[in-house]
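Engineer: Here's a sequence, model it:
(chains A, B, C and D)
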Number of protein chains: 2
Amino acid sequence: MNTPFSIIIADDHSMFLDGLTSILAEEASINIILTAKTGIQVLKYLRINTEENIDLVITDINMPEMDGVELNAAIKEEFPKIKTLVVSMLEDAKKIKTLTEANANGYISKNAEKTELLKAIKSILEGQNYFSPRIKQILMEAMFSEKSEPEISLSKRETEVLKLIAQEFTTQEIADQLFLSKHTIESYRKNLISKLGVRNLAGLTRYAVEKGMLD
Amino acid sequence: MNTPFSIIIADDHSMFLDGLTSILAEEASINIILTAKTGIQVLKYLRINTEENIDLVITDINMPEMDGVELNAAIKEEFPKIKTLVVSMLEDAKKIKTLTEANANGYISKNAEKTELLKAIKSILEGQNYFSPRIKQILMEAMFSEKSEPEISLSKRETEVLKLIAQEFTTQEIADQLFLSKHTIESYRKNLISKLGVRNLAGLTRYAVEKGMLD
DNA sequence: TTGGTTTTCACTGAAAACCGTGATAATTTA
DNA sequence: TAAATTATCACGGTTTTCAGTGAAAACCAA
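Structural biologist: From the prediction side, this is the model:
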């Protein structure tokens, strides 16, 4: 075994952070340089300690301020030599896809076994990307389902009107709020109904709520 | 230090399980007897090894098959002497409330510090319950907000009609499906609107979706 | 058994939504 | 720059929703 690898771990759940640290501390080939609770902390460290050659950053997805997806992108942008391994609670196809597109080197679920974690780290440090079979499968499924769901894109105004509709405003009220004619809002409503493939206000509202447009 | 305490840890995320185990393994006063991935495994163990005096069960809330809430209830039912500490990702007021009502001995968030974890375990093993200040606060808030939201109860039929409305069926269609008069459905719609304090179909749909009635 | 809740049905008039079928101008994108 | 998209407005006719009012039968709990 040559010089140990330098790694950084980021996770806002300190219990998990401590746990992961404990697990990896047992590995002689691994040196934990930093544990952080936000992506920003990691970036700051990397920017200041440029002479320190960090090999790998292990990061959670859900973190306050700067999440794992953003952190990964920032690292790949500023420090392309540093490898990244994303560890997440959820198996969200979209996020995984974004991550692969942003050149993350690996993705494993938090319910992966310790052995899989070590395997992933080892693979990545050796220069290979690691995505578990399960993740690969989810990715594949996402690719297919994406094609069947041809992403409906709504314009600014359409989105605005849809939100107001879902908030129980009548056509006239929406028109007044936006300083538009009642007819205009009716056109938008009609377009939304046909665009989204729904039948009525209920359908529009359901779409808006399910897409989280009302937060 | 007298005889070490015997504890069991349950969490479906093995990485967390390993982590927690690593942390607690450092404590001389703690003996980890079992780590499990579901509540059922824990119960089975307890039922078989009755002679083994388990002091504490640390459990996650979100687990497949039998979650932490159910596990806690089952333990308190069958093995009232065993203490329980619930560790969770989320700070869901309702679940916390349910847990306190089911006599869980402690609740801490997964983003609690290691020191807090140890403090909680120590307190509980000494016979005191442990709920972090933050959790107490959430509980208090829940109590108040509960009073301001006086639980709207819907009858079977009302629920049925509401679901169909949110699924974009028209009054006539709902009437046909339920073999009722159109007027009847209109009455239900009207009652629902006034009961739920909304203005129209959009409001009804939003309520149904947000309450997860359409799954 | 009595009183509350639930379920069912009916009518009216006004308001709103829905459908079809347009059109014009501005803006964005290819 | 040409084409596509977006934003705006219009009208007539039909259907549906909404608000108010009323009521009978059935069921459940005290």
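
Engineer: quick one, domains of chain A?
Structural biologist: As assigned by automatic domain parsing, chain A contains the domains A:5-146, A:156-210.

Engineer: remind me which residues of chain A are low pLDDT?
Structural biologist: By pLDDT under 70, the low-scoring segments of chain A are A:1-2, A:142-152.

Engineer: just the residues of it that are near DNA strand D, which are they?
Structural biologist: Residues of chain A found near DNA strand D (Cβ under 7 Å from any atom of the strand) are A:153, A:155-158, A:178, A:180-181, A:183-184, A:186-188, A:200. From N, CA and C alone the C-beta is placed, and that goes for glycine too.

Engineer: Show only the entries of those residues found in helices.
Structural biologist: Counting by DSSP state H, the residues of chain A next to DNA strand D place A:156-158, A:178, A:183-184, A:186-188 in helices.

Engineer: Looking at those residues, which is nearest residue A:171?
Structural biologist: residue A:186 (5.9 Å; Cβ to Cβ).

Engineer: where along chain A do the strands fall?
Structural biologist: In chain A, the segments counted as strands under DSSP state E are A:5-10, A:30-36, A:56-60, A:83-88, A:106-109, A:130-131.

Engineer: okay, those in JSON lines with mean neighbour count next?
Structural biologist: Listed next are the strands of chain A as JSON lines, based on neighbours: other Cβ atoms under 10 Å in any protein chain shown:
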{"stretch": "strand A:5-10", "mean neighbour count": "22"}
{"stretch": "strand A:30-36", "mean neighbour count": "18"}
{"stretch": "strand A:56-60", "mean neighbour count": "25"}
{"stretch": "strand A:83-88", "mean neighbour count": "25"}
{"stretch": "strand A:106-109", "mean neighbour count": "24"}
{"stretch": "strand A:130-131", "mean neighbour count": "21"}
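
Engineer: Chain B: which of those strands is closest?
Structural biologist: For these, proximity to chain B was assessed by Cβ to the nearest Cβ; strand A:83-88 is nearest, at 7.1 Å.

Engineer: right, quick check: the closest one against chain B, any contact?
Structural biologist: Yes. Counting by Cβ under 8 Å from any Cβ of the partner chain, chain B is contacted by strand A:83-88 at residue A:87.

Engineer: Could you do stretch A:172-190 as well?
Structural biologist: No. Using Cβ under 8 Å from any Cβ, stretch A:172-190 stays clear of chain B, coming no nearer than 9.9 Å.

Engineer: Please apply the same query to stretch A:46-66.
Structural biologist: No. Using Cβ under 8 Å from any Cβ, stretch A:46-66 stays clear of chain B, with a minimum separation of 9.0 Å.

Engineer: could I have that stretch exported to PDB, CA atoms only?
Structural biologist: The C-alpha coordinates for stretch A:46-66 follow below in PDB (Å, rounded to 0.1, in the frame of the first residue of the first chain):
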ATOM      1  CA  LEU A  46     -10.700  23.200  -1.300                       C
ATOM      2  CA  ARG A  47     -10.200  26.800  -2.500                       C
ATOM      3  CA  ILE A  48      -7.900  27.600   0.400                       C
ATOM      4  CA  ASN A  49      -5.900  24.400   0.700                       C
ATOM      5  CA  THR A  50      -5.100  24.000  -2.900                       C
ATOM      6  CA  GLU A  51      -1.700  22.400  -2.300                       C
ATOM      7  CA  GLU A  52      -3.400  19.500  -0.400                       C
ATOM      8  CA  ASN A  53      -4.200  16.900  -3.000                       C
ATOM      9  CA  ILE A  54      -7.700  15.700  -2.200                       C
ATOM     10  CA  ASP A  55      -8.500  12.400  -4.000                       C
ATOM     11  CA  LEU A  56     -12.200  12.000  -3.200                       C
ATOM     12  CA  VAL A  57     -15.200  13.900  -1.900                       C
ATOM     13  CA  ILE A  58     -18.000  11.800  -0.500                       C
ATOM     14  CA  THR A  59     -21.200  13.800  -0.300                       C
ATOM     15  CA  ASP A  60     -24.800  13.400   0.600                       C
ATOM     16  CA  ILE A  61     -27.500  14.900  -1.700                       C
ATOM     17  CA  ASN A  62     -29.800  16.600   0.700                       C
ATOM     18  CA  MET A  63     -27.900  19.300   2.500                       C
ATOM     19  CA  PRO A  64     -28.900  22.900   3.400                       C
ATOM     20  CA  GLU A  65     -27.300  25.900   1.600                       C
ATOM     21  CA  MET A  66     -25.600  23.900  -1.100                       C
END
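
Engineer: what are the bridge partners for residue A:35, then?
Structural biologist: Assessed by DSSP bridges, residue A:35 has beta-bridge partners residue A:9.

Engineer: hmm, back to that, restricted to buried residues, select the ones in helices among the residues of chain A next to DNA strand D in PyMOL.
Structural biologist: Only the buried members of those enter the following PyMOL selection, criterion being 16 or more other Cβ atoms under 10 Å in any protein chain shown:
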select buried, chain A and resi 158+188
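
Engineer: Now for the ones in helices among the residues of chain A next to DNA strand D: which two are most distant?
Structural biologist: Within those, two members stand farthest from each other by Cβ to Cβ: A:156 and A:183, at 19.2 Å.

Engineer: Show me which residues of chain A sit near DNA strand C.
Structural biologist: A:170-172, A:186-187, A:189-190, A:193, A:199-201.

Engineer: Closest one to residue B:87 out of those, please.
Structural biologist: Once Cβ to Cβ is applied, the member of these that ends up nearest residue B:87 is residue A:201, at 43.3 Å.

Engineer: Tell me how far that closest one lies from residue B:55.
Structural biologist: Separation of residue A:201 from residue B:55 (Cβ to Cβ, to the nearest Å): 57 Å.

Engineer: So for these two, which residue has more residues nearby?
Structural biologist: Counted by other Cβ atoms under 10 Å in any protein chain shown, residue A:201 and residue B:55 do not tie: residue A:201 has more neighbours, with 22 against 19.

Engineer: Once you drop chain neighbours, what's closest to that one?
Structural biologist: Distances taken as Cβ to Cβ, 6 or more residues apart in numbering or on different chains place residue B:201 nearest to residue A:201, at 4.5 Å, with adjacent residues excluded.

Engineer: and if you look at residue A:141?
Structural biologist: Counting by Cβ to Cβ, 6+ apart, residue A:141 lies nearest to residue A:93, which is 6.8 Å off, once chain neighbours are set aside.

Engineer: just checking, the one you found touches residue A:140?
Structural biologist: No. Between residue A:93 and residue A:140 no contact is recorded; they are 9.4 Å apart, counting by Cβ atoms under 8 Å.
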